[in-house]
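Peer 1: dropping the sequence and predicted coords here.
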Amino acid sequence: MRAIYSLAAAAALCAAARPAAAQHAAVPAHARPAAHADAGAAAVRPLASYRLAAARRAALPTEVTVADSAGALVASYRLPGMADARPMVVTVIGTDVVLQGETPSGVLTLQLYGQNDADAAAPVEGRWSRAGQEGSLHGRATR
């Protein structure tokens, strides 16, 4: 799996080559929902997907997807039994990917260790925190 940050940088360069009229209005680089309602929105290109193993027990997302949308990193998650994905904010800190999103139980933070490394290992390890609770994450990359 290639580095998420590197792919987003390449996508940003491609977006910069388009005429100014074809580019979206300025949006904070750290947050945009993965699903767009307007028909003229840029295509969202998935970069990585994760399945989290201990998700049901702690009411954590079962599926997390990180994508490129017009050169900006975006993410979404699904809780167990949820039909629609909900947006998350993506931050890259060194080789870790940090995701934050609002859940019915409060703001959830997921830190996925080493997932911005081109040589990231297949098993996914990390930490989660929400409303004063925290724990370890285990899962696998599916893309």
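Peer 2: That came through, no problem.

Peer 1: spatially nearest residue to residue 52, not counting backbone neighbours?
Peer 2: residue 139 (4.1 Å; CB to CB, 6 or more residues apart in numbering). Where you see a C-beta, it was placed from the backbone N, CA and C, and this is true even at glycine.

Peer 1: what's the answer for residue 107, then?
Peer 2: residue 100 (6.2 Å).

Peer 1: neighbouring strands of the helix or strand containing the one you found in the sheet, and parallel or not?
Peer 2: Here residue 100 sits within strand 96-103, counting by DSSP states H and E. According to DSSP bridges, strand 96-103 has the following sheet partners: strand 86-93 (antiparallel), strand 106-112 (antiparallel).

Peer 1: run through the chain and note the low-pLDDT ranges.
Peer 2: Regions of the chain meeting the criterion pLDDT under 70 cover residues 1-42, 54-57, 120-121.

Peer 1: buried stuff in the strand holding residue 100?
Peer 2: By 16 or more other CB atoms under 10 Å, the buried positions in strand 96-103 come out as 96, 97, 98, 99, 100, 101, 103.

Peer 1: can I get those residues in TSV with distance to residue 72?
Peer 2: Listed next are the buried residues of strand 96-103 as TSV, based on distance: CB to CB, whole Å:
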residue	distance to residue 72
96	19
97	14
98	15
99	14
100	15
101	16
103	22
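
Peer 1: for those, which one is nearest residue 82?
Peer 2: Nearest to residue 82 among the buried residues of strand 96-103, counting by CB to CB, is residue 103 at 9.9 Å.

Peer 1: now for residue 60, how many residues are close by?
Peer 2: Look at residue 60: counted by other CB atoms under 10 Å, it has 23 neighbours.

Peer 1: for it, which residues are in contact?
Peer 2: Taking CB atoms under 8 Å, 6 or more residues apart in numbering, we find residue 60 in contact with 52, 54, 79, 108, 110, 128, 137.
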